[in-house]
Structures are given as C-alpha cells and as structure tokens.
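Asker: Below are the sequence and a predicted model for it; my questions follow.
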Amino acid sequence: MTTDWTHGYRTDIDYTYGYYGELNPLRARIPLLNRGLSLPETFNSCELGFGQGISVNIHAAASTSAWYGTDFNPSQAASARDICSAAGSGAKLYDESFSDFCVRDDLPEFDFIGLHGIWTWISDENRAIIVEFIRKKLKLGGVLYISYNTLPGWAVFSSMRHIMREHAEVLGAEGRGILSRMNGAIDFAERLVAINPAFVRANPQVPERLKKMKEHNRHYVAHEYFNEHFYPMHFSSFSALLEPAKLQYACSAHPLDHIDALNLSAEQQQLLRDIPDPMFRESVRDFITNQQFRRDFWVKGARRLSGLEQAEALRRERVVLTADREDVSLKVTGSLGEANMSEAVYGPVLDALSDHKPKSLGQIEQALKGKEINFPQILQAAMVLSGAGHLSAAQDDGVIGKARKQTDRLNAHLCQKARGSGDISFLASPVTGGGIAVSRFQQIFIAAIAQGRKQPQEWAQMAWDLLAAQGQRIIKDGKTVDSPDDNLAELQSQAKAFAEKRLAVLKALQVV
C-alpha cells in the first residue's frame, strides 16, 4: 500500500514566488505596542510551509535571527536551499512534512513562528500537529503570525469553489494536467453563471468574484481553489482550535485594520464598543466587514505594559520611508472605501522621512514640534502609511551592519536569476529586515551597475540583449511590443526613471 505524501495539497504545479512581509517579525512591533503589549527579542524564528522560500530567505539574510522552516514539497525546498546557500544566512530549511518536522529534537524554542497561506488548505490532522508544535515550541512572550481564509466572507464563493474543483476532478480529461482541467472548470463555472441559477440570483456578487479570480496567476489559482482541503473558518472556530497552545489574540497584522474610521461607520464602532468580550467582538467585526482573509498576531503569555512603558517604547520604534516622497498618494482604502489622508498631518510626517533614513517615532515628534501634530497622530500616520505600503519598520544600526553582507550576496544572486525570469520581484533590505519590491528589469539594471555600467542607456542595452537572446519581448499595457527598437526605447525609458527616482531609495535602504 502506498502513502500519499501530498496529503491532498497540490504538488503537480509550482507555487508562486511571493514575498509576505507579515512574516517579518519586525512588522509585529508597532502593532503590538499599539495594543499595549510587550515585545520579545527575536533570536529564533520559524516559518511553516515556506513555499518557494522567498520570504524565509529574505528574512534570514536581512536580520540576525536564526531561521528554521519546512516545506514538504522537495522541489520547492531544494530551490529555497539554493537561495539560502547563495546568501550564506545559515537558515535551516527542510523538506519535511509537518508531522516529521514538528517532532524534531534539534529545534530551539522560537520567539516567532509564522504561517502564511497554509492553515486553510491542510487537513485537520495537520492543523492539530501545528497547534501542538506551537504549544511546545513557542517561547513565553513569543509571537505567532497566522493567516487564513475567513467566514463569513467566503461563505458564498466557497460553494462555487466546490463546483469548480469537483468539475476538475470528475469531468477533467484523464492524463491532462491541472492547468488544463482548471481552465475547463473555470469555463464551466462561467457557463453555469450565465444561465442565471437561483444561487447566483440570491448571491449577485458571485460573477464579479469569478471574474477577479480569472485575473490571478494560474499557479496561484491552482493552489488557492483546487486543493483537496479547503476550510475557511469563523474567527471563533479558529480561536477554539488554537486554545491548547495557550495563546492570546493580540491584533491584526494588517495595519489598516487598526484604523476603525477606514473600516467601520460610527454606528458600527459603537456596537463593537458595547461588546465586552474581545473574542466575540472580533467575530462580529468580521461579520460587519464581510472579512474574507485574516492576518493576525497571537502572543503566548502576553504582558501588558503600563501607559508610561507603552509610550516610551513606541517613541523608540524606528521607521523608514520605502517609497519616493512624490509617489505617495494621500488616499487609502479600507472596508468603507477610499479615504483621503490629512495633508496637514501626513505632509509634514512624509517630509520628515523624505531622506529615507530611519527615524524613531520620537524623533519625528521632535522634528514636528510647533506644527500642532501630536504623537497619537504620528503613530496613526505610521500605521496608515505602513498599511499602504509606503513605510516600514527599521532595524537598529548594529543589526543593519551585521546583515548587510548577507543581503548583498542574496540580492546579487536574485539579480542574476532575473536575467532569465521575472518570477522573483523582491530584494532584501537590511534596513527593514525584509523584502522591497524591485521589478525584473530594475534587478537587471542593478546587475548592470554592479558590472560597472554607469549610464541608464547601458543598463537598458544590457536588459534588451538578455531579452533578445531568449526570444523575449516586453509586454506593455497588456500587449506585446514587437519591434526591437520599441523594446529598447521602452527599456531606456524605464532605466531613466529608475535612475532618477527609485535608485536613490534603494541605496538608502541598502538594497544596492
């Protein structure tokens, strides 16, 4: 009798090469302090189910924490180890199942454990193994980051997902790969919606969800919608499963979730304030916002800070602007829709950070004295700008210096890989301890600079030579650019813009 080592998870198609910043322990600091909770020092960290290993390798290279992790897919684990070897970070990465990895006797206790995009798509048995691992291996005061698909937001479309997966398994042609069977299932779903069934009449949002699903990368869709296991959960159901690990819910890992004015009307905020139980309050909040995906921090043995301790700790936290000042839009989107940031508050905060040097929130407060901007406004601005992707937490200078050699090696390796593929669109910053979005062509420009090519025209020529040699062309506005001259012109335009704006930011973040 054979054993199915996949446990119902898709292994016949590679997962995407995504980077997930929530897995950076540094990202937990300001949200936890904002809730008045103490912070652990992060010496040992672990990622369960690291996929292609982009996040774990960036975080291992860009910090002084010792990282461990596993992904049961051997091809993905091998790719992750190759990247680890190039960076020289010493991360311990395994190709073991949760049942094997979680009983290893050579693992330390962890200050941080992270799982992104795993919980919803594994079996009940594996969920129990993970909870027991967290119970045994997460230190007192340690932080768990975990994400999962949530009810009620998935209540409707999960039925459509079931129909599509069943079509792929039952009616998909024998011997054809998952992509072919998946496309057939999506075509069938569109035909089904087109005949206006009662389910769609009762749930008119289904066609739009189906349309958005089709826009995603097909490899992502295969793993998101076509695994054997798929269990979206209510917050209360999830927290009940986590109880044996003795954790306390801390807060959302998505900073914009902390800004009630972006997500809740005045009446909704009042209703939540009237609920004394914090766990039930989260369940009701999910119902109000129709939450589809939760990203949360949990703490084992959380210690609450005094008001003075909290204020002092927050003022010590450092942040850095990761976007060009001129590119920062003063608009942000929450559950209630789009909202405008106050120019009177956000303008001065952005100006104080426009040199892209790390500054503590206390230093920003001092710099803005006399502008009638108080510390709570600065803290909220930091949360909002972080949630919008413009701002990141910053490490201490000593840690930055220690991590720089590793991130240089890792980034050089990733820029070399970019010559042939655009799969990986992030590089590591020792300043933020995490990943920074850098497109394929920008990575090639960086590689050209490393070779001593000084002018944007030279960077563009190197990029075009690589594309032409591989028979590749630029896709612009959804259309292939055919002419060699037009390809080169587009690359020259991108190289010029990169030199004028983005390069200086990447240098400040020590990516280059």
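Answerer: Alright, I've got the coordinates. Nothing here was measured: the structure is a model prediction, and the numbers come from that model.
Asker: Looks like residue 468 contacts residue 484 (just checking).
Answerer: Yes - applying Cβ atoms under 8 Å as the test, residue 468 and residue 484 come out as touching, 6.8 Å apart. In this view, the C-beta of every residue, glycine as well, is placed from N, C-alpha and C.
Asker: where in this structure is pLDDT low?
Answerer: The chain contains residues with pLDDT under 70 at 1-15, 172-177, 223.
Asker: Got the domain ranges for it?
Answerer: Domains of the chain are assigned by automatic domain parsing as 21-152+231-299, 157-225, 317-393, 399-508.
Asker: okay if I get these as JSON lines plus distance to residue 310?
Answerer: Below are the domains of the chain laid out as JSON lines (distance: least, Cβ to Cβ, whole Å):
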{"stretch": "domain 21-152+231-299", "distance to residue 310": "5"}
{"stretch": "domain 157-225", "distance to residue 310": "38"}
{"stretch": "domain 317-393", "distance to residue 310": "11"}
{"stretch": "domain 399-508", "distance to residue 310": "22"}
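Asker: what about the residue lying closest to residue 158 once chain neighbours are set aside, how many neighbours?
Answerer: Spatially, and ignoring its direct neighbours in sequence, residue 158 is nearest to residue 232 (5.9 Å; Cβ to Cβ, 6 or more residues apart in numbering). Close neighbours of residue 232, defined as other Cβ atoms under 10 Å, add up to 22.
Asker: next one: residue 118
Answerer: Neighbours of residue 118 under the rule other Cβ under 10 Å: 22.
Asker: What of residue 256?
Answerer: Using other Cβ under 10 Å as the criterion, the residues surrounding residue 256 number 17.
Asker: elements contacting whichever strand or helix holds residue 268?
Answerer: Assigned by DSSP states H and E, residue 268 belongs to helix 266-273. Other helices and strands packing on helix 266-273, by 3 or more Cβ pairs under 8 Å, 6 or more residues apart in numbering; DSSP states H and E, are helix 278-289.
Asker: buried ones in the helix it packs on?
Answerer: Neighbour counts using 16 or more other Cβ atoms under 10 Å place 281-286, 288-289 of helix 278-289 among the buried residues.
Asker: for stretch 319-326, same thing?
Answerer: 319-323, 325.
Asker: Out of those, which sit inside strands?
Answerer: Counted as lying in strands by DSSP state E, out of the buried residues of stretch 319-326, are 319-321.
Asker: now the nearest residue to residue 375 once chain neighbours are set aside: how far from residue 316?
Answerer: The spatially closest residue to residue 375, leaving aside those adjacent along the chain, is residue 365, at 5.3 Å (Cβ to Cβ, 6+ apart). Going from residue 365 to residue 316 by Cβ to Cβ, to the nearest Å gives 12 Å.
Asker: just residue 374 next, same as before
Answerer: When residue 374 is compared with residue 316 (using Cβ to Cβ), they lie 18 Å apart.
Asker: more crowded one of those two?
Answerer: When residue 374 and residue 316 are compared on other Cβ under 10 Å, the one with more neighbours turns out to be residue 316, at 14 against 11.
Asker: Give the closest residue to the more buried one in space, chain neighbours not counted.
Answerer: Nearest non-adjacent residue to residue 316 (Cβ to Cβ, 6+ apart): residue 360, at 5.7 Å.
Asker: tell me the phi and psi of that neighbour?
Answerer: Main-chain torsions, residue 360, degrees, to the nearest 10: phi -80, psi 160.
Asker: Double-check it against residue 312; I have them as touching.
Answerer: No - using Cβ under 8 Å, residue 360 makes no contact with residue 312, being 11.0 Å away.
Asker: Could you find the closest non-adjacent residue to residue 41?
Answerer: Residue 41's closest residue in space is residue 111 (Cβ to Cβ, 6+ apart), at 6.6 Å.
Asker: From what I see, that neighbour and residue 145 are in contact.
Answerer: No - contact between residue 111 and residue 145 fails when scored by Cβ under 8 Å: they sit 11.8 Å apart.
Asker: before we move on, the earlier item: compare the domains of the chain and give me the one nearest residue 306.
Answerer: Nearest of those to residue 306, taken as Cβ to Cβ: domain 21-152+231-299 at 8.6 Å.
Asker: for residue 120, helix, strand, or coil?
Answerer: Following DSSP: H, G, I helix; E, B strand; the rest coil, residue 120 is assigned to helix.
Asker: quick one: contacts for residue 49?
Answerer: Residue 49 makes contact with 70-72, 98, 115-118 under the criterion Cβ atoms under 8 Å, 6 or more residues apart in numbering.
Asker: what would those residues look like in CSV with distance to residue 210 and secondary structure?
Answerer: Output for the contacts of residue 49, formatted as CSV (distance: Cβ to Cβ, whole Å; DSSP: H, G, I helix; E, B strand; the rest coil):
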residue, distance to residue 210, secondary structure
70, 34, strand
71, 30, coil
72, 31, coil
98, 32, helix
115, 28, strand
116, 25, coil
117, 21, coil
118, 25, coil
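Asker: Could you identify the pair within those residues that is furthest apart?
Answerer: For these, and using Cβ to Cβ, no pair is farther apart than 72 and 116, which are 15.6 Å apart.
Asker: related to what we said a few turns ago, residues near the residue nearest to residue 41, how many?
Answerer: Neighbours of residue 111 (other Cβ under 10 Å): 22.
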